[in-house]
Structure formats: C-alpha cells, structure tokens
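1. I'd like to go over a predicted model; first the sequence, then the structure.
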Amino acid sequence: MRPSAWRTAGRIAGLLLAAAALPATADTSPWQVEAGVGVDHLSNGAPDWRQVDLSLRRQLVPRSVAELSLRSTRRSGLTDEELGAAVGLPLDRRWSLALAATLSPSHRVLARGSARLELTRDLDHGWVAGANFGRRLYSDGGNSQWGLGLERYVAAWRVATGVGQTRLDGGGAATNLRLQLDRYFADERGRIGVIVASGRELEGVPAVPGANADLIDQRVRTLAVTGAWPLAPAWALTAEASQVRYSDIQRRSVAVASAPYRRSGVRLGVRHDF
C-alpha cells in the first residue's frame, strides 16, 4: 500500500478507535474482524478481476456499529487500493442513520472517493422503510445515486425490495430494481440470502495505454447467493457467488453495440468475534 494510503488509513482508524470508547452492547461481542478474497471471471476473454479485503467492526450501543475497511482490487491489468469507513446510529426508537465513505488514492479503476447516507424508519409489525443518497467521484467526473427501499421481517425471514437511479454529471441516468430474500439461523449468527437485480448501469472505463477513457451504458441482470455460516462460537465463514449478465452495451466512442457477456464471481471470507 502506498504511503498516502497508510496516512489516510491512520486517520480513519483514529475515528474508529474514538468510536470504540463508546459502550458496547451487553449481549454481543464488541469487536469483529473479517478477511476475504474474491475472483470474477469474464466470458469476453478479459482478464479475471481479483480482490482482497479486510474489515474491522466495533459494536456500539444497541443498533449502532462502526466499521473500517481496506480493499485491494485488480481489474483490466490495473491495481487499486480503497479505504472505507462507515457508522450506523439510532436517532430515536424508530429512526436510524447510516453514513459511509470510501477513498482510493490510486483510483485507476475504482472511484476516487464516494459518500453515502441512508435513513431508515421502523414502521412496526416487521416493516422498515428507507431512503439513500450517494456520490461517487472519478478522475474525470462523477455521478449521484438515490434509492428507496422497503423491508419486511417475519420470524426468521427477511424480504427486501428497492428501486434506485444513477445520474451522471452532465446528463444521463440509469434505473435499477432489486429484490432480496434472507433466512436467518443459529440465533441470527447465520444467514443465507438470494439477490435478484435488473436495470441499466453507466460505467466509466479508465484510459489505458493505446485506448482513451470511455463511457458504457448497458443493461445488467444480477443473480447472487450470499451467506454466513457459524463454525464455532466466535468464528464464521462468509461466502458470495454471483453471476452478472451485461447486454445492450452501448459505448460513447463507437456507434455499434458490443457483444453481451457474463461476469461470474465468488468471494470467500472468515469472520471472528472477540
């Protein structure tokens, strides 16, 4: 990791350690660390995407958590590091607020920085409504995102649906829909979920030797299975498998649409409470 990334990580770690001074819940482990590795295979012959990630979480008072994360990813032959910080806080009995931010000192393929705010409200009888707004900044522009969601909890089950939109600076917007079903077990320490999403996506392609930066507008369909399985009182295995299909791919630089392709990925991680 570059020296500038270490300096930024130190600042974020200081904020997390300050949050750690707050009282923890009495019925959960106050600290949690998770490490994972992932790989995505692209059917169009492009090199695989690879990533390594590490997260440190601090459980605070009930319904509150602080997190510091580090990620290294390699895409299109370019490597980026990303630092992240997030905090979730209850505002009162019904309202909760979550804030998250990321920073990539290299930002070759990842966003230079991002920020996200989410506000949720408990509607009673297992219903929860939420709204979010976010910004991503790249080397040559940025975009804004907003979303609305609704969740329902019934016994050990959770179903959630949401609609969102991404709007590029200077024009252009893409809308997506998402549906998720989760089943909790082992006193809610374990979970298995299925995610289905569909919509359009605007993606910036960085400049590389021999090719200029570009913008891609494409239709995206996603199917993912995620889960966490307790292995011992303080240990758990986390996993995710996904397939993303890209079609109707339009590039700003050319008039002809690109051929459809798939991205199939898997991530495995291990989590420890202490």
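-> Yes, it's here.
2. Only C-alpha atoms from now on, for both contacts and neighbour counts.
-> Noted.
3. so who does Ile195 touch?
-> 178-181, 222-225 (Cα atoms under 8 Å, 6 or more residues apart in numbering).
4. and if we set it to 10 Å?
-> Contact partners of Ile195, counting by Cα atoms under 10 Å, 6 or more residues apart in numbering, are 160-161, 178-182, 222-226, 242.
5. how far away is Gly142 from Leu110?
-> Taking Cα to Cα, to the nearest Å as the criterion, Gly142 is separated from Leu110 by 12 Å.
6. the more surrounded of these two?
-> Leu110 (26 against 18; other Cα atoms under 10 Å).
7. List only buried entries from the contacts of Ile195.
-> By neighbour count, with 16 or more other Cα atoms under 10 Å, the contacts of Ile195 hold 160-161, 178-182, 222-226, 242 as buried.
8. any chance you could read off phi and psi for the closest residue to Val65 other than its chain neighbours?
-> For Val65, the nearest residue in space outside its immediate sequence neighbours is Gln59; the separation is 4.7 Å by Cα to Cα, 6 or more residues apart in numbering. Backbone torsions for Gln59, taken as degrees, to the nearest 10, come to phi -80, psi 130.
9. What's the separation between Gln59 and Pro30?
-> From Gln59 to Pro30 the distance is 5 Å (Cα to Cα).
10. Going by how many neighbours each has, rank these two and give me the top one.
-> The neighbour comparison of Gln59 against Pro30 (other Cα under 10 Å) goes to Gln59, with 22 against 18.
11. Quick check: the more buried one touching Trp31?
-> Yes - proximity of Gln59 to Trp31 meets the contact threshold set by Cα atoms under 10 Å, at 6.1 Å.
12. pLDDT at the closest residue to Ser106 other than its chain neighbours, what is it?
-> The shortest distance from Ser106 to any residue other than its chain neighbours is 5.7 Å, reached at Asp80 (Cα to Cα, 6+ apart). The per-residue pLDDT reported for Asp80 equals 94.
13. again, but for the one 3 residues further on
-> Predicted confidence (pLDDT) at Leu83: the value is 97.
14. Would you check that it makes contact with Pro105?
-> Yes - under the criterion of Cα under 10 Å, Leu83 lies in contact with Pro105, with a separation of 8.6 Å.
15. Please say which of these two ends up with more neighbours.
-> Neighbours of Leu83 and Pro105, each counted by other Cα under 10 Å, are more numerous for Leu83; the result is 23 against 20.
16. That one belongs to a strand?
-> Yes - the assignment for Leu83 is a strand, going by DSSP: H, G, I helix; E, B strand; the rest coil.
17. who's it bridged to?
-> When assigned by DSSP bridges, Leu83 has beta-bridge partners Leu70, Leu103.
18. from now on call the first residue 48
-> Right, with 48 as the first residue, what we last looked at is Leu130.
19. Remind me what the longest strand along the chain packs against, helices and strands.
-> Ranked by residue count and defined by DSSP state E, the top strand of the chain is strand 261-279. Counting contacts by 3 or more Cα pairs under 10 Å, 6 or more residues apart in numbering; DSSP states H and E, the secondary-structure elements packed against strand 261-279 are strand 220-232, strand 237-252, strand 282-298, strand 308-320.
20. can you tell which of those strands is closest to Ser111?
-> strand 308-320 (16.0 Å; Cα to Cα).
21. The closest one - contacts with which helices or strands?
-> strand 78-89, strand 96-106, strand 261-279, strand 282-298.
22. 7 Å instead?
-> Secondary structure elements in contact with strand 308-320, counted by 3 or more Cα pairs under 7 Å, 6 or more residues apart in numbering; DSSP states H and E, are strand 78-89, strand 282-298.
23. Low-confidence regions, the protein specifically.
-> Across the chain, the stretches falling below the confidence threshold (pLDDT under 70) are 48-76, 251-261, 302-304.
24. Mind giving me the packing neighbours of the helix or strand encompassing Glu165?
-> For Glu165, the element it lies in under DSSP states H and E is strand 160-171. Taking 3+ Cα pairs under 7 Å, 6+ apart as contact, the helices and strands that strand 160-171 lies on are strand 142-150, strand 174-185.
25. got those as CSV, with mean neighbour count and distance to Ala281 columns?
-> Shown next, in CSV, are the helices and strands packed on strand 160-171 (neighbours: other Cα atoms under 10 Å; distance: least, Cα to Cα, whole Å):
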stretch, mean neighbour count, distance to Ala281
strand 142-150, 18, 26
strand 174-185, 18, 29
